[in-house]
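could you look at this predicted model? Sequence included:
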Amino acid sequence: MTEVKERKLSFFAFGRKERRLVTEPINDTNPITVQILGVCSALAVTSLMWPSIVMSIAVLFVVAFSSFFTSLLRNYIPSQVRMIVQLVIIAFLVTVVELFLKAYSFPVWKQLSVFIGLIITNCIPMGRLEAYAMANSPWKSFLDGVGNSLGYGIILIVISFIRELLGKGSLMAGSPLEVKLIGNSSAYLINTSEVSWLNWYSNNNLMSLPVAAMFILAIIIWIQRSSNRKLINIS
Amino acid sequence: MRSSKFIIVFISLLTSIVALVLSVLFTGLKDKHDENQVIFSKKSILLAIQEELGDGSVLDMTNQEINELFDKNIEQLVVNSEGHILDKEAVEAKGYLGGLAEDVNLSKEKKKKETDRLLPLYIYKGKKDNPIYIVTLKGSGLWDEVSGNIAIDADLNTVVGASFDHVSETPGMGAEIKDNPNFRLRFKGKKIYDESGNYRSVKLVKGGVFTDPEHEVDGITAATLTGVGVSKMLQNGIKSYEAYFKTLKK
């Protein structure tokens, strides 16, 4: 009873329902592996970890705030042109992200190049606005956006971790935290040319190609579907 | 269903607000963007002669250090395709305020006819009597522009260093021309002219199978089209400086 009262009092309540909005998309309704949204960028950006992380943060910002603004306007948005309105809001936020990145983090902006602009065409913002923000309150929509981008980000980071490690032998290349883990020169932590039982190892270039993300994503979906009971029932 | 009138008013209002906020942000951040861009191209010119400069990686320097190093060591020239040096006024007359080589917009020049182009040239005079000429090149990659700085030794034939940049090549693939620190090192020691003095330039080849090792460099795996663009840029770009180099040789 008290919980209900609190929720009415505060606009920014964070009760059990709200928590579920954030946690559910991480596993049960993950945008990439369950809703199959935003797969295009998951295949393209994940060759390195650092761009994937920056991309996830940018998507978090865009999805959360576009959900918030769309939900604020939801009673006024004419249904005939709602898609265009949603697109304007998304494109607006993406441009803001890009302008700020270019001004304050020029090297990262250079590195992410096209991908920031491609958030506009990412299916997650559009999908969440249509499916959730158009019918729910601003704060809940905001949390839904945060949850879905977290679910998206986690998958991106897992795929890019595997791809960068096996494809380039490094982790977080291009960032201040760069670690060169395994490779056949002295620049790497594990120098395979010096370890006798590892000298067969070489970086797998296939992992740097988008095709590798397809395999890895499929394997992640497989593991998730066979371990998560809720998903077994659906399929 | 909303009336058409409401829709028009709503959309006009929304787009005006969005446009207003974005234009304020854009003009507010423009100085910062331009400054970043200038520093970035200076950094990339210095990176081409990193091995000659020695102390400290150019990439780790602060903006101020880059400016100091650049102003102290680099002389700027603008030449035309006939090999004449243009003075400040002539460059300003072409629409580049400031009149220095760094003020020349290469993307604009690329769209002009080859004979009309202004060619910025940077000269490193750190070593006495042995200037290094750094030519700046612009070409087309897979998605957008690629650019490069090639440092050529005083013999006007041997490449001593290179650096590359791009606008929107794919990270992990085409973007490796900039991100892979080993790629630019592969250009060191390559020759522009063959033994009989014919212009050959340098090109990228697949898989490290060389037929002409003095003029070939191992390309980037999984970035064939970016590689083709870079090869083309090296082929056409260095050639346009030939006229000026000929005046030096006399």
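Sure, I can see it. Residues are numbered from 1 along each chain as shown, chains lettered A, B, ... in the order given.

so where do the helices sit in chain A?
Using DSSP state H, the helices assigned to chain A run over residues A:2-9, A:16-23, A:39-44, A:49-72, A:82-104, A:106-112, A:114-118, A:123-131, A:138-168, A:210-227, A:229-234.

can the fourth one be said to contact chain B?
Yes. For helix A:49-72 and chain B, the contact criterion (C-beta under 8 Å from any C-beta of the partner chain) is met by A:P51. C-beta: built from backbone N, CA, C; applies to glycine.

between helix A:82-104 and that helix, find me the angle.
Using axes from the mean of the first three to the mean of the last three C-alpha atoms, to 10 degrees, the inter-axis angle of helix A:49-72 relative to helix A:82-104 is 140 degrees.

helix A:49-72: which residues count as buried?
Neighbour-count burial for helix A:49-72, counted by 16 or more other C-beta atoms under 10 Å in any protein chain shown, picks out A:49-56, A:58-72.

need the pLDDT of the most far-flung residue of chain A relative to its centre.
Residue farthest from the centre of chain A, counting by C-alpha atoms, centre = their mean, is A:S196 at 39.4 Å. Here, the pLDDT recorded for A:S196 equals 79.

before we move on, the earlier item: and the helices of chain A as CSV, adding mean pLDDT and distance to B:V217?
Shown next, in CSV, are the helices of chain A (pLDDT from 0 to 100; distance: least, C-beta to C-beta, whole Å):
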stretch, mean pLDDT, distance to B:V217
helix A:2-9, 51, 65
helix A:16-23, 86, 50
helix A:39-44, 83, 27
helix A:49-72, 92, 26
helix A:82-104, 91, 31
helix A:106-112, 77, 23
helix A:114-118, 78, 26
helix A:123-131, 89, 40
helix A:138-168, 92, 20
helix A:210-227, 90, 25
helix A:229-234, 71, 50
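
show me the contacts for the closest residue to chain B within chain A.
For chain A, the residue closest to chain B is A:S47, as judged by C-beta to the nearest C-beta, at 3.0 Å. Contacts here follow C-beta atoms under 8 Å, 6 or more residues apart in numbering or on different chains; on that basis A:S47 touches A:160, A:163-164, A:167, A:207-210, A:213, B:171-173.

do the same with B:A90
B:78, B:99.

after whatever helix or strand it lives in, which helix or strand is next?
Using DSSP states H and E, B:A90 sits within helix B:88-93. Later in the chain than helix B:88-93, the nearest helix or strand by DSSP H and E is helix B:106-111.

returning to what we had before: off-centre distance for the helix holding B:A90?
21 Å (C-alpha atoms, centre = their mean, to the nearest Å).

assign a three-state SS to B:G139, would you?
Of the three states, B:G139 takes strand under DSSP: H, G, I helix; E, B strand; the rest coil.

quick check: bridge partners of it?
Bridge pairing for B:G139 (DSSP bridges) gives the partners B:V146.
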